[in-house]
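A.B. asks: Dropping the sequence and predicted coords here.
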Amino acid sequence: QQQVKQSPQSLIVQKGGISIINCAYENTAFDYFPWYQQFPGKGPALLIAIRPDVSEKKEGRFTISFNKSAKQFSLHIMDSQPGDSATYFCAARGFYNQGGKLIFGQGTELSVKP
Amino acid sequence: DGGITQSPKYLFRKEGQNVTLSCEQNLNHDAMYWYRQDPGQGLRLIYYSQIVNDFQKGDIAEGYSVSREKKESFPLTVTSAQKNPTAFYLCASSFGLPRAGNTIYFGEGSWLTVV
């Protein structure tokens, strides 16, 4: 019930294309779903986040789509650029009695080819 | 600059040694976390602390120890009991309660290698 499953493990996209990364969860107590971007040798940085009362959130070229009934959420990167090449992690956070800690997916290594 | 500072960036440990990774934050965050990152396994929680002088085990606490004597500091000790310590270690912090805007911020990480 604590797992967050992320796919694909790696993704290659041409410049200008759409990158799509999917995540699924089981625990209905999760109330916050962030995506983090990590460049090699660096710590992850928050990219965009969504709460379960919203079905979609867009920030620039990045969009989260959320399907509460299916317990799935996905990250779409429109007009993908070589600078987007990084590892992306989805995550989910439980209620306060779980310490507010994040449960991370396994990560997706995105490579955007020029 | 506000942020999370981890040191050292690179650390080598001999078999049977304990080593301590430092984490300091000046964001006035109540909660601090330690994650371990291995290739293909995402980030796994080692320990977390919501307030000073209190901390809880995460999913992979065996072979690790922490202390939280000051709000700003949350050092992680990798003990000789940790049989496979080679990994990238990430410290993080956030405001304590899980409400809207409670972003978790990460440090730059520390690489630990057993030699």
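C.D. replies: Looks like it arrived, so ask away. Computed from a predicted model, the values in this text were never measured in an experiment.

A.B. asks: what does the helix or strand of chain A with the lowest mean pLDDT contact?
C.D. replies: When each helix and strand of chain A is scored by mean pLDDT, DSSP states H and E, strand A:102-104 comes last, with a mean of 86. With contacts defined as C-beta atoms under 8 Å, 6 or more residues apart in numbering or on different chains, strand A:102-104 is touched by A:2-4, A:25, A:30, A:34, A:36, A:89-94, B:35, B:42-45, B:104. The way it works is simple: take the backbone N, C-alpha and C, and place the C-beta from them, glycine included.

A.B. asks: Could you tell me which of those residues count as buried?
C.D. replies: A:4, A:25, A:30, A:34, A:36, A:89-94, B:35, B:42-45, B:104 (16 or more other C-beta atoms under 10 Å in any protein chain shown).

A.B. asks: In strands only, show me those residues.
C.D. replies: Mapping the buried ones among the contacts of strand A:102-104 onto strands (DSSP state E) picks out A:4, A:25, A:34, A:36, A:89-93, B:35, B:43-45.

A.B. asks: Looking at these, which gets the smallest pLDDT?
C.D. replies: pLDDT is lowest at A:Arg93 among these; the value there is 84.

A.B. asks: What is the neighbour count of the residue lying closest to that one once chain neighbours are set aside?
C.D. replies: Nearest in space to A:Arg93, with sequence neighbours left out and distances taken as C-beta to C-beta, 6 or more residues apart in numbering or on different chains, is A:Tyr32 at 4.2 Å. Residues lying near A:Tyr32 (other C-beta atoms under 10 Å in any protein chain shown) number 22.

A.B. asks: For the residue nearest the centre of chain B, give me its contacts.
C.D. replies: By C-alpha atoms, centre = their mean, the mean C-alpha position of chain B lies nearest to B:Trp34, the distance being 2.6 Å. Shown in contact with B:Trp34 (C-beta under 8 Å, 6+ apart): B:21, B:23, B:45-48, B:58, B:64, B:66, B:74, B:76, B:89-92.

A.B. asks: Output the below-cut-off pLDDT ranges for chain A.
C.D. replies: A:1-2, A:95-100 (pLDDT under 70).

A.B. asks: which bits of it sit near chain B?
C.D. replies: Listed as neighbours of chain B in chain A under the rule C-beta under 8 Å from any C-beta of the partner chain: A:2, A:6, A:9, A:31-32, A:34, A:36, A:41-46, A:49, A:51, A:89, A:93-96, A:99-107.

A.B. asks: List the beta-bridge partners for the closest residue in space to B:Arg68 that isn't next to it in sequence.
C.D. replies: Closest residue to B:Arg68 apart from its sequence neighbours, by C-beta to C-beta, 6+ apart: B:Ser49 at 4.3 Å. For B:Ser49, the beta-bridge partners are B:Met32 (DSSP bridges).
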